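Peer 1: Need a 3D model of the following:
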Amino acid sequence: MKILITCSAGFIEFHLVQIYAIGFLAQLFFSARILCQWILSERAKKNVSPSIYWILSIAGSYLLFIYGWFRDDFSIIFGQLISYSIYLWNLNEKNIWHKIHWTFKFLLIFTPIVAILFMLGSLSSFIQTFFRNEDIPLWLLIFGSIGQIIFTLRFIYQWLYSRRFHESLLPTGFWIISLIGSASIVSYGIIRSDPVLVFGQSFGFIAYIRNLIIGHRNLKQTVA
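Peer 2: This is a model prediction of the structure:
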């Protein structure tokens, strides 16, 4: 009996490690995207929206969606579902989408669709798992979801701004919303003892502030 309990505990621990590995890999893609964007912005002396930023974004979002599913965390899933399509739009705007192999296109488009259909097909089970999770009180779920909404609003803002100028851009407002949303998600991650969220968001703080400085400096030079 003790052997079975030990084996079961070992399996759960191993499974948790695998889940965290997916989450950290997703955050690695997100950290890499902001690092690349930061470096290229420093070189250009203005805020830029490079293609690599959106390629790494969709890769990270895909993995973080899977991580949120395994963690039974609705706030993570909710945030990724909204921003996912905006990443795809920017890839198309950058003329990257048509260069992607059809198998990857299929996975990128149909994975979230299948997930949504699965949730709708077992709605009562989904509500029980995600909204009545004993590990996540309702107030914390709401708090985390609000943080994800704020953080996701930056991409909605970026999308609307870019559509206005018919070009993929990362305006000043994007970085301001990023700071506010990131602070909310870090707070949620600390309360949930989720190292993936804390690690992933903490790195972005410096880059967001630096992009605001670059944008402000560029604006002053333009006005002058």
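Peer 1: Check the burial of Trp102 by counting its neighbours.
Peer 2: The number of residues packed near Trp102 is 7, by other Cβ atoms under 10 Å. All C-beta atoms are positioned from the backbone trio N, CA, C, and that covers glycine.
Peer 1: pLDDT score for it?
Peer 2: Per-residue confidence at Trp102 stands at 86 (pLDDT).
Peer 1: same question, Ile116
Peer 2: In this model, Ile116 carries a pLDDT of 68.
Peer 1: Likewise for Ile127?
Peer 2: For Ile127, pLDDT reads 62.
Peer 1: Kindly report the same for Ala21.
Peer 2: For Ala21, the predicted pLDDT is 88.
Peer 1: Would you point out the helix or strand in this protein whose mean pLDDT is lowest?
Peer 2: helix 123-126 (a mean of 60; mean pLDDT, DSSP states H and E).
Peer 1: after it comes which helix or strand?
Peer 2: Once the chain leaves helix 123-126, the next helix or strand it forms, by DSSP states H and E, is helix 138-165.
Peer 1: For the helix or strand that comes right after that following helix, name the packing helices and strands.
Peer 2: Downstream of helix 138-165, the first helix or strand assigned by DSSP H and E is helix 172-191. The contact analysis (3 or more Cβ pairs under 8 Å, 6 or more residues apart in numbering; DSSP states H and E) places helix 172-191 against helix 138-165, helix 195-223.
Peer 1: ok, residues contacting helix 172-191?
Peer 2: 47, 75, 140, 143-144, 146-148, 150-155, 157-158, 161, 194-198, 201-202, 204-205, 208-209, 211-212, 215-216, 219 (Cβ atoms under 8 Å, 6 or more residues apart in numbering).
Peer 1: Dump the C-alpha coordinates for stretch 153-165 into CSV.
Peer 2: Extracted in CSV, the C-alpha atoms of stretch 153-165 (Å, rounded to 0.1, in the frame of the first residue of the first chain):
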residue,chain,number,x,y,z
LEU,A,153,-6.5,45.1,-23.6
ARG,A,154,-3.1,46.2,-24.7
PHE,A,155,-3.3,44.0,-27.8
ILE,A,156,-6.8,45.1,-28.5
TYR,A,157,-5.5,48.7,-28.3
GLN,A,158,-2.5,47.7,-30.5
TRP,A,159,-4.8,46.1,-33.0
LEU,A,160,-7.1,49.1,-33.3
TYR,A,161,-4.2,51.5,-33.5
SER,A,162,-2.4,49.4,-36.1
ARG,A,163,-5.6,49.1,-38.2
ARG,A,164,-5.9,52.9,-38.2
PHE,A,165,-2.5,53.3,-39.7
